[in-house]
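Undergrad: The amino acid sequence is not available; the structure is as follows:
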């Protein structure tokens, strides 16, 4: 599993990304009145018959273990971020 740490002032890119194969987990920072809140997005990249890349939030049988591992990473990281706020 690899991760990419990305931050941006405009919040146009995810705060952080992890990937396993073609499955991705992205963290998005959202500013609220009570501070920063984080959301996640799970998606899979694929190529169409013409060779163009696309993303989907639909997963196949052989993606599920990677998705479960990414969900565990999301849970752990969000837990740590929540504890850091307190």
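TA: Happy to help now that I have it. On a predicted model such as this, the values are computed, not experimentally measured, just so you know.
Undergrad: can you tell me which residues contact residue 61?
TA: By Cβ atoms under 8 Å, 6 or more residues apart in numbering, the contact set of residue 61 is empty. Just so you know, the C-beta spots here come from the backbone N, C-alpha and C atoms, and that holds for glycine as well.
Undergrad: measure it to residue 14 for me?
TA: Distance, residue 61 to residue 14, by Cβ to Cβ, to the nearest Å: 26 Å.
Undergrad: How about residue 76?
TA: As judged by Cβ to Cβ, residue 76 and residue 14 stand 17 Å apart.
Undergrad: Comparing those two, which shows the higher neighbour count?
TA: residue 14 (21 against 10; other Cβ atoms under 10 Å).
Undergrad: wait, that one sits on residue 26?
TA: Yes - using Cβ atoms under 8 Å, residue 14 is in contact with residue 26, at 3.8 Å.
Undergrad: where do the contact lists of the two overlap?
TA: Joint contacts of residue 14 and residue 26 (Cβ under 8 Å, 6+ apart) are residue 41.
Undergrad: Which secondary structure element is home to the residue of the chain positioned farthest from its centre?
TA: For the chain, the largest distance from the centre (Cα atoms, centre = their mean) belongs to residue 50, which lies 26.5 Å off. Following DSSP states H and E, there is no helix or strand that holds residue 50.
Undergrad: With residue 80 instead?
TA: Under the criterion of DSSP H and E, residue 80 resides in helix 64-85.
Undergrad: Show me which residues of that helix are buried.
TA: Across helix 64-85, burial judged by 16 or more other Cβ atoms under 10 Å covers 66-67, 70, 73-74, 77.
Undergrad: What helices and strands are in contact with it?
TA: Here helix 64-85 touches strand 16-20, strand 23-32, strand 35-47, going by 3 or more Cβ pairs under 8 Å, 6 or more residues apart in numbering; DSSP states H and E.
Undergrad: Looking at those strands, which one is packed in the most?
TA: By mean neighbour count, with neighbours taken as mean count of other Cβ atoms under 10 Å, strand 16-20 ranks first of the helices and strands packed on helix 64-85 at a mean of 18.
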